[in-house]
Structures are given as structure tokens and as C-alpha cells.
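Novice: Test case, fold it:
(2 chains)
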Amino acid sequence: MVNFIEILIRGVMLGSVYALVGMGLTLVWGVVGIVNIAHGEFVMLGAYFTFWAFTLLHLNPLLSAAFSIPLFFFAGMVIHKRITERLVREQELSALILTFGMSILIWNLAQFFWTNTYRSVSYLTGNFPFMGLVLAKSKTVSFGLAVGITAALFLFLKYSKWGKAIRATSQNSEVALVCGINTVKTRALTFGMGIALAGAAGAIISLQWVIFPQMGGSYISKTFAIVVLGGLGNIHGALVGGFIIGILEAMVTQYLSAKMAQIIPSMTILIILLLRPTGLFKK
Amino acid sequence: MKTRFGLGIILVMAFLISVPFFATDYWITLLTLILIFAVYASGWNLFSGLTGYTNFGLAWFIGVSGYVSSLLIADYKWLWLFAWPAGALFTGLVSIGVGYILLRIKGVYFAISMVALAEGTRELFGTEYLTPITHGGKGLPFVAGIRLPTLYWSILLVAFFSMMICYKIFSSKFGLRLIAIREDEQAAETLGIHTTKDKIIAFILSAFLVGLAGSIHFTYQNYIDPTFAFNIHLTLTPIVMTLFGGVGTVFGPVIGATLFTLIHEILWAELTLLYMAIFGGILMTLILFFPQGLLGWMKEKRILPRIRKI
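Specialist: Modelled structure (predicted):
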């Protein structure tokens, strides 16, 4: 029983990080209308930012997130204004192919400059004993961080002026425009937020797992599964979806095999798209 | 115009057929690769270029057909001549089911579900449950006992065959119906087009042609494993080639495949480490500044006549 609870907790912690990645993608998808295949690559860049800040500047990984999140936010805004805004009115598929190009461009550059070596941030090693359970310190802190960022995101979207603008643009960008919302700016802001979320998720991931240039690819199929589970542009859905995928992965890895766990995202995508293409939740 | 065009085709074909008699193995190999990718690109273009449903799972066709034919050759000692069509036919048959189920999904969702299909199959083929059949993740080396010129002529035949099919379809009523689906599926349906049936037929044709080239590809490599067979690059490269030459044109994919394979040869030798970055950069540039491709651009500038047959 203790074992089962431990696996469940492991799944929930995993899920909190996946949800962060998924929410970033679904936010951009819903508001900007662009499926950002390069999302996983920004996760990778976020992880490398933390790694280099820790290795070269001996910056506390938790503190470096405070620098990386604004940086990624502005980088995202610039990328959107310069590149992706041109594709907003084009077919969705142009953006799909463009961001694919961006994705391979980024990981290959990362590979070129930082080589394929597996790296990790050795910070907060060891375990917390908690009511007879063994919890890894790094994972527990990461979980706290992920929950904090998620809460901040929800509060921002719910109560701030720009959050409302984002939600309005997501629901109907033309009507939002008529109501006096600067949708061009809103889209740039949203894209920036999506990239910032990816960067934050990368920072958290660097605390727990190894980082390497092609790691983005392993997150993108999980992220799509989460987004599809939650429904396009549905942030609450993505949160729940993240936890579902995290728990499923932890369970299958434990009780079947690690190889089978790799199939879960693709299976989820296919099953959900066939049975409930709008996601698990009603809009 | 028409006779000159026909004469041109005959001359090009005569030259290509005669290549193994005077060229070195290097050039035959290069041409073989160009032709394989030309068929992949034309096959992708046949379905996605006409219907507008972006198939991001082309590697699935290639991998499934490649696996079936490779296993038939390696484990059941089939002759390559029978194993290749068997692989392609199997892929075509499975595609009926896949198309029937997945073609109900539209737009980006279809693209994602095809990626999921290819990735899921790749993982599945590597699991311990399927290892007795697929030889698992460690891969399957095999020898088909085919000489390079024979392989080259086979793929040349397949390429010619698929070009003929594309040419016929692009200028047929069936092609027009597919274009109507691309432009507005609902309107097409209202006009009495059986959209599901037409989409599935195009999907199967694409699967069969790409599968045939896929079988030849893996026989040429003498090796298959899940990562290699369902590799996302096998999906991407043909798409980039098609974009380069011109989406929805008959000869665009072939021109794209030729130019791209040649560029690949040069880049790969010079810039191995940054090859993918350059590839990604080209992809982005094409989408942003050159979305109609080479042939599309030439048609726009009226260097070529604006007809669907080119």
C-alpha cells in the first residue's frame, strides 16, 4: 500500500511538471491559434539556462528561475512579433511546419554549442522522510515550484486586465478586437507567456532529470497528449490532463514496463481524438 | 507542346535507364536515393497537397511497408520481387482502416494523430511483446541478394509509375474533387462530393506508393529497426522537398527531391554538425517567404503555364 501511495505521489509530482508544459502549449494554441512544435525546445533551453547559471555562476537553481522566466517571456514576445504573427491568418499547417523548422534549428544549435553530453544539476540531493514514505528532496521542491507557478498563472488569467484580454481573445478574437482589445499585443503577450511557462518547466525539469539537446522531443508527444486530453486552449483541462498523464506514466512504468509507458502519450492522443475530439471537458 | 513534352519524358527516361551502364556506383546510389525520396514526396503531395490534410505520419507508411517486406525477405526467405509489393499492399490495406478512422479528424488534429500513430507504432515495435515478430529494438540486418543496378531500375520503374499516377490524377475529375475538399470541405460535400470516399482513396494510393518506395529503401539499406523505420525525418524530408518544389504541383516534389538530395550531399559532407539547423532554417524561410515553392512561383510569374498538369 505504501508502495502504491509512493507511486501515486510520484505520478502527481511528474504530472505537475507536465501540466506546466501543457498549459503553455495550450495557451498559445487557444489564443494565437498556432501549434508550437518548438515548445519542447524551449523547455530544453530553460533547463540549460538553469544548468549554466548553476555551473558557471553558481546561481541557486530556484533563484535562476526568477531570471529565466522574464527572459523567456521577452524572447517569446520577440519571436512572435518577428516571425509567428505573420502566420496568424495563414493556414494552421504553415505554422505547424514553421515551428517544426524552428524546433530542429534550436536543438541542432544546442547540440552544436553544448554537445550531446548528458548533464544534470546536482542540487538538493537526498530524501525527505515523510510519514513512512520516501520523497526525493528535488522532486518535492520542484512540485512546490510548479504548483506556485500554476497558481500565479491562474490568478493572472482570472483577475488581471491582460488576463481577461487573453481569455477574451481565446474565446473569439474578432469580437475581442471589436470590444477594443489590442489582439495583436495580446497574442504577443500570450506567446511570451507560453514560452515563459516552457522555460519555467525546463528549470524545474533540470532539477530532477538529465538534460540534453534533444530532450524537447520526448516532451512534445506527452504535451500533445495533455493538450488533447484537456481540449484545445483549455488551461484547466491541460492541468488535469497533465496529472492524468503523469500518474498513468508512473503507474505503467511500475506495473508494466518503462517501454510501455512510452506508448501512453500516442495511445492517449489517438483514443481521445477518436472518441472525444473536444477533450475530456466541456468548454 | 504535347509531343515535345512527351519526347522530353522519353529522352529523360532513356538517359536514366542507361545510367548504370556508364556511371559509377556513387552516382547510381545517389540517383537511387533521389528516386526513393521523389516517390515519398510525390506520395505525400498526392494526398496532402491535394486534400490539404497534412500527413505528418508519412514515416508510418514507410516503416510498416519496410518492416513487412524486410521480415518477409529475412525470416520467410521471400524474393524481393514479391516482398516489396506485399509490403506495399499490406500498408495500403491497413491504410483503409486507418484512413476510415483518422480522416474524420480535421486540420492540425489529423496531423497530430498521424504523428501519434507513427510514434506509437515505433514504440510498439520495440517493446518486448512484439520482439518475437519484429526482432525488437535491436534491429534486423538482412541480405536480399539484389544487385545495385537492378535495385536502381526497380525504383526508377516505381518512380515513373507514381509520376504517371500523379499526372493522371492531378488532371482528372478525381483530382478536382480532392482540390475542392482542400478549399472547402463542407462546400464540396454540399456539391455532392463523397468526401470521405475520395479522401480515403487518395490516402490509400499515397500509402501504397510510399510503401513501395519504403520497401525498396530498406532493402537498399539491408537493415531495419524501429527508430530508423519510423523516424520523423522520413516524414519531414519529403514534406520539405515538396514545399521546395511546390505543393500541389505534379513535378514539384520530384524537382524538390532532386535539388534537396544534391544539397544534402554537399551539406552533409561540409557541415555535418549543423546540418539539421540549416535544414530547419530553410524550412522556416520557405514557409515565410516562399510558400508556393519553385514551380508555384514559376507559375505565378507565368514562366510556366498555369495548368494543373505541371
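Novice: Relative to B:Ile255, how far out is B:Arg306?
Specialist: From B:Arg306 across to B:Ile255, the span is 17 Å (C-beta to C-beta, to the nearest Å). The way it works is simple: take the backbone N, C-alpha and C, and place the C-beta from them, glycine included.
Novice: Name the residues of stretch A:179-192 that are buried.
Specialist: Residues of stretch A:179-192 classed as buried: A:181, A:183, A:186-192 (neighbour count, 16 or more other C-beta atoms under 10 Å in any protein chain shown).
Novice: can you put those residues in TSV and add secondary structure?
Specialist: Formatted as TSV, the entries for the buried residues of stretch A:179-192 read as follows, by DSSP: H, G, I helix; E, B strand; the rest coil:
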residue	secondary structure
A:Ile181	coil
A:Thr183	helix
A:Thr186	helix
A:Arg187	helix
A:Ala188	helix
A:Leu189	helix
A:Thr190	helix
A:Phe191	helix
A:Gly192	helix
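Novice: Could you point out which residue ranges in chain A have low pLDDT?
Specialist: Scanning chain A with the threshold set as pLDDT under 70 gives A:1-2, A:130-132, A:282-283.
Novice: now the strands: where do they sit in it?
Specialist: For chain A, the strands defined by DSSP state E cover A:127-130, A:133-136.
Novice: Name the residues that touch the last one?
Specialist: Put plainly, it is strand A:133-136. Under the criterion C-beta atoms under 8 Å, 6 or more residues apart in numbering or on different chains, residues A:2, A:5-6, A:9, A:126-129, A:208 lie in contact with strand A:133-136.
Novice: what lines up beside that strand in the sheet?
Specialist: With DSSP bridges as the test, strand A:133-136 is paired with strand A:127-130 (antiparallel).
Novice: Now tell me what touches the partner strand from outside.
Specialist: Outside strand A:127-130, the residues that touch it by C-beta under 8 Å, 6+ apart are A:134-137, A:140.
Novice: Then stretch A:48-68?
Specialist: Residues outside stretch A:48-68 that contact it (C-beta under 8 Å, 6+ apart) are A:46, A:71, A:110, A:114, A:119-121, A:123, A:141, A:145, A:199-200, A:202-204, A:206-207, A:211.
Novice: Mind giving me the ChimeraX select for these, buried ones only?
Specialist: Remark: buried members of these, expressed as a ChimeraX selection using 16+ other C-beta under 10 Å:
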select /A:46,110,114,119,121,141,145,199,200,202,203,204,206,207,211
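Novice: count of residues packed around residue 19?
Specialist: Chain wasn't specified; assuming chain A. The number of residues packed near A:Ala19 is 30, by other C-beta atoms under 10 Å in any protein chain shown.
Novice: switch to chain B, that's the one I care about
Specialist: Count around B:Val19 with other C-beta under 10 Å applied: 15.
Novice: Can you spell out which helices and strands pack onto whichever helix or strand it is part of?
Specialist: Assigned by DSSP states H and E, B:Val19 falls within helix B:2-22. If contacts are counted by 3 or more C-beta pairs under 8 Å, 6 or more residues apart in numbering or on different chains; DSSP states H and E, helix B:2-22 sits against helix B:25-44, helix B:148-170.
Novice: returning to that earlier point: now a PyMOL select for only the buried ones of the contacts of strand A:127-130.
Specialist: A single PyMOL command selects the buried members of these (16+ other C-beta under 10 Å):
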select buried, chain A and resi 135+136+140
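Novice: and which of the contacts of strand A:127-130 is nearest chain B?
Specialist: Of all the contacts of strand A:127-130, A:Ala136 has the smallest distance to chain B: 26.7 Å, by C-beta to the nearest C-beta.
Novice: so which of the strands of chain A comes closest to A:Pro277?
Specialist: In terms of C-beta to C-beta, the element of these nearest to A:Pro277 is strand A:133-136, at 37.5 Å.
Novice: Could I get the CA-only coordinates of the host helix or strand of B:Gly99 as PDB?
Specialist: Following DSSP H and E, one finds B:Gly99 within helix B:80-102. Provided in PDB are the C-alpha atoms of helix B:80-102 (Å, rounded to 0.1, in the frame of the first residue of the first chain):
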ATOM      1  CA  TRP B  80      12.400  -9.200 -53.100                       C
ATOM      2  CA  LEU B  81      10.300  -9.000 -56.200                       C
ATOM      3  CA  PHE B  82       7.300 -10.400 -54.200                       C
ATOM      4  CA  ALA B  83       8.200  -9.000 -50.800                       C
ATOM      5  CA  TRP B  84       8.100  -5.400 -52.000                       C
ATOM      6  CA  PRO B  85       4.500  -5.400 -53.400                       C
ATOM      7  CA  ALA B  86       3.400  -7.500 -50.400                       C
ATOM      8  CA  GLY B  87       4.700  -4.800 -48.000                       C
ATOM      9  CA  ALA B  88       3.100  -2.000 -50.100                       C
ATOM     10  CA  LEU B  89      -0.200  -3.900 -50.400                       C
ATOM     11  CA  PHE B  90      -0.300  -4.600 -46.700                       C
ATOM     12  CA  THR B  91       0.300  -0.900 -46.000                       C
ATOM     13  CA  GLY B  92      -2.500   0.000 -48.400                       C
ATOM     14  CA  LEU B  93      -4.900  -2.400 -46.800                       C
ATOM     15  CA  VAL B  94      -4.200  -1.200 -43.300                       C
ATOM     16  CA  SER B  95      -4.500   2.300 -44.500                       C
ATOM     17  CA  ILE B  96      -8.100   1.700 -45.400                       C
ATOM     18  CA  GLY B  97      -8.900   1.100 -41.800                       C
ATOM     19  CA  VAL B  98      -6.600   3.900 -40.600                       C
ATOM     20  CA  GLY B  99      -7.900   6.300 -43.200                       C
ATOM     21  CA  TYR B 100     -11.500   5.400 -42.400                       C
ATOM     22  CA  ILE B 101     -10.900   6.200 -38.700                       C
ATOM     23  CA  LEU B 102      -8.500   9.100 -38.700                       C
END
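Novice: Show the subsequent helix or strand relative to that helix.
Specialist: helix B:107-126.
Novice: Residues of the stretch 151-300 of chain B that sit close to chain A?
Specialist: B:236, B:239, B:243, B:273-277, B:279-284, B:287-288, B:291 (C-beta under 8 Å from any C-beta of the partner chain).
Novice: which residues does B:Ser162 contact?
Specialist: B:39, B:42-43, B:46, B:209, B:212-213.
Novice: Ignoring the adjacent residues along the chain, who's closest to it?
Specialist: The shortest distance from B:Ser162 to any non-neighbouring residue, by C-beta to C-beta, 6 or more residues apart in numbering or on different chains, is to B:Leu209 (4.5 Å).
Novice: Just the pLDDT at the one you found, thanks.
Specialist: Note for B:Leu209: predicted pLDDT of 95.
Novice: Check the spacing between it and B:Ile216 real quick.
Specialist: For B:Leu209, the distance to B:Ile216 (C-beta to C-beta) stands at 11 Å.
Novice: Residues that sit against both of the two, list them.
Specialist: With C-beta under 8 Å, 6+ apart, B:Leu209 and B:Ile216 have common neighbours B:Val158.
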